[in-house]
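**Student:** output the structure for:
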Amino acid sequence: MRLIVLDYGGSAIKYGLLERKTGVEPVEGRFLEKGSVPNTFADQEAFLAATYELIDGLSARWGGTGEEELLGIAVSYCGELDHKTGYIPSPGAYYYNRNLQFGDLLRERYRMPVSIENDGNAAMLAEWKYGALKGYENACMMVLGSGIAGAFIINGELFTGKHGYAGFLSTLFANLDSRDQTVLDKSLAGMGTKQKEGFSAGVAASGFLAKTYLERSEETCSDPDAFDGRAFFEKYHEGDPLAAAVLDEFAGNFARMLVNTHLTVEMEAFAIGGGISAQDVLLEKIREKVHEALQLPLFAFVQLPEPEIVRAVYGNDANLIGAAEWFFTLYQK
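**Tutor:** Okay, the predicted model is just below:
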């Protein structure tokens, strides 16, 4: 059996064609094809055209009968949504997709089962069922990218909230002056760098590292967009003191967000995902800052338990695996 899997992130659509034998867990299947398409879409029409082109191409290359039959389409999407129907009320990184009946559009066009899950929840399903969070009753997933996708397992069940907004960590307030109406009147997508610093997406997501380094460095960069997280950590590992200071600041910002979340729902463990989570020093710094925070007199007095902080094990495949997991949960194939 074969399944088309799409993962809509802020910078690209990742796609895959998952082949799985009956009774075998999605994580034990194999991807016959994987790739990505950059997010250069200016509007919903271009977004849908790229989606249809991907699905049409995968169907033509891999569709068949019997064990080669296409079961359906599984989607991971970076925005809040109804994960039973695939309705998207909040557009996420694709600002033009507000109130999009995405699930219905795909079902009507392709006449096959479709599942759509939030990207944080998809990553959580992969890690909780098979990976770093397996066995925990209460755990949180935090995926670092252009924003912060969060998800919760509470009392052994995925918790999404009544309308699917649980884990919407990118818009947690951080140093926001409520009198600044220019910030409050804009979406995250429409904000400049300085304005985003009022929210966790601006101070605790991946982009903070490269952006802040360039702002404070005396060096000039001919192509600032090319200076990304990878380039930042190259500077760090070369012993650059500014990179060390920026990483320390970032870890402090992230740790405060994590501790606030822990105080709200008390998690046994937090899994950190996203491309930069592969850096050992990042997790070491976050653990160090969380430990420091929990040694403050108030927390020491109440003896708040310190959660485990682990790296997500499925990396860039977590959303694809989790989207497939949600598809098979819904359709029980």
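
**Student:** outline the domain layout of this structure.
**Tutor:** Here the domain assignment for the chain is 2-119+316-331, 132-312, based on automatic domain parsing.

**Student:** and the shortest one, end to end?
**Tutor:** Counting by Cα to Cα, to the nearest Å, the length from the leading to the trailing residue of domain 2-119+316-331 is 14 Å.

**Student:** confidence score at the residue nearest to W62 when sequence neighbours are not counted?
**Tutor:** Once flanking residues are discounted, W62 sits nearest to L17: 4.8 Å by Cβ to Cβ, 6 or more residues apart in numbering. The C-beta positions use only the backbone N, C-alpha and C, and glycine is treated the same way. pLDDT recorded at L17 is 96.

**Student:** list phi and psi for G10.
**Tutor:** Here is the backbone geometry of G10 (degrees, to the nearest 10): phi -60, psi -30.

**Student:** likewise for the one 10 residues further on?
**Tutor:** Note on R20: its backbone torsions stand at phi -150, psi 140 [degrees, to the nearest 10].

**Student:** so what pLDDT did it get?
**Tutor:** R20 is assigned 85 on the pLDDT scale.

**Student:** list the contacts of it.
**Tutor:** If you count contacts by Cβ atoms under 8 Å, 6 or more residues apart in numbering, R20 has them with 1-3, 26, 28-29, 324.

**Student:** please pick the buried ones from these.
**Tutor:** Buried subset of those (neighbour count, 16 or more other Cβ atoms under 10 Å): 1-3, 26, 29, 324.

**Student:** would you say L32 is within a strand?
**Tutor:** Yes. Counting by DSSP: H, G, I helix; E, B strand; the rest coil, L32 is found in a strand.

**Student:** how near is it to W62?
**Tutor:** 6 Å (Cβ to Cβ, to the nearest Å).

**Student:** who has more neighbours, these two?
**Tutor:** W62 (17 against 14; other Cβ atoms under 10 Å).

**Student:** how much space separates the more buried one from V310?
**Tutor:** Relative to V310, W62 is positioned 34 Å away (Cβ to Cβ).

**Student:** so for G273, what's the pLDDT?
**Tutor:** At G273 the predicted local confidence, pLDDT, stands at 92.

**Student:** tell me who's in contact with it.
**Tutor:** Neighbouring residues of G273 by Cβ under 8 Å, 6+ apart: 123, 127, 141-144, 311-312, 314-315, 318.

**Student:** just checking, which of the residues you listed comes out lowest on pLDDT?
**Tutor:** G315 (83).

**Student:** give the burial count for that residue, as a bare number.
**Tutor:** Considering only other Cβ under 10 Å, G315 is surrounded by 15 other residues.

**Student:** do E234 as well
**Tutor:** 12.

**Student:** and the one 4 residues further on, by the same measure?
**Tutor:** Using other Cβ under 10 Å, the number of residues around E238 comes to 8.

**Student:** tell me which element V310 is part of?
**Tutor:** Secondary-structure assignment from DSSP states H and E places V310 in strand 308-311.

**Student:** in the helix or strand following that strand, what's buried?
**Tutor:** For strand 308-311, the following helix or strand on the C-terminal side (DSSP H and E) is helix 318-331. Using 16+ other Cβ under 10 Å as the test for burial, helix 318-331 gives 318-330.

**Student:** and what of stretch 214-234?
**Tutor:** Using 16+ other Cβ under 10 Å as the test for burial, stretch 214-234 gives 214, 227-229, 231-233.

**Student:** phi, psi for S115 please.
**Tutor:** Taking degrees, to the nearest 10, you get phi -120, psi 140 for the backbone angles of S115.

**Student:** tell me the bridge partners for it.
**Tutor:** A74 (DSSP bridges).

**Student:** wait, doesn't it sit right on Q332?
**Tutor:** No. Using Cβ atoms under 8 Å, S115 makes no contact with Q332, being 11.6 Å away.

**Student:** higher neighbour count, those two?
**Tutor:** It is S115, of S115 and Q332, that has more neighbours when counted by other Cβ under 10 Å, with 26 against 6.

**Student:** any chance of JSON lines for the buried residues of stretch 214-234, columns secondary structure?
**Tutor:** Output for the buried residues of stretch 214-234, formatted as JSON lines (three-state DSSP):
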{"residue": "L214", "secondary structure": "helix"}
{"residue": "F227", "secondary structure": "coil"}
{"residue": "D228", "secondary structure": "coil"}
{"residue": "G229", "secondary structure": "helix"}
{"residue": "A231", "secondary structure": "helix"}
{"residue": "F232", "secondary structure": "helix"}
{"residue": "F233", "secondary structure": "helix"}
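
**Student:** what two of these are the furthest from one another?
**Tutor:** Put simply, by Cβ to Cβ the two of the buried residues of stretch 214-234 set farthest apart are L214 and F233, 14.2 Å from each other.

**Student:** mind listing the strands in the stretch 1-150 of the chain by residue range?
**Tutor:** 2-8, 12-19, 30-38, 70-77, 87-88, 100-101, 114-118, 139-144, 148-154 (DSSP state E, counting those that start in this stretch).

**Student:** counting contacts, what elements does the last one pack onto?
**Tutor:** Spelled out, it's strand 148-154. Using 3 or more Cβ pairs under 8 Å, 6 or more residues apart in numbering; DSSP states H and E, the elements in contact with strand 148-154 are helix 119-130, strand 139-144, strand 157-159, helix 241-265.
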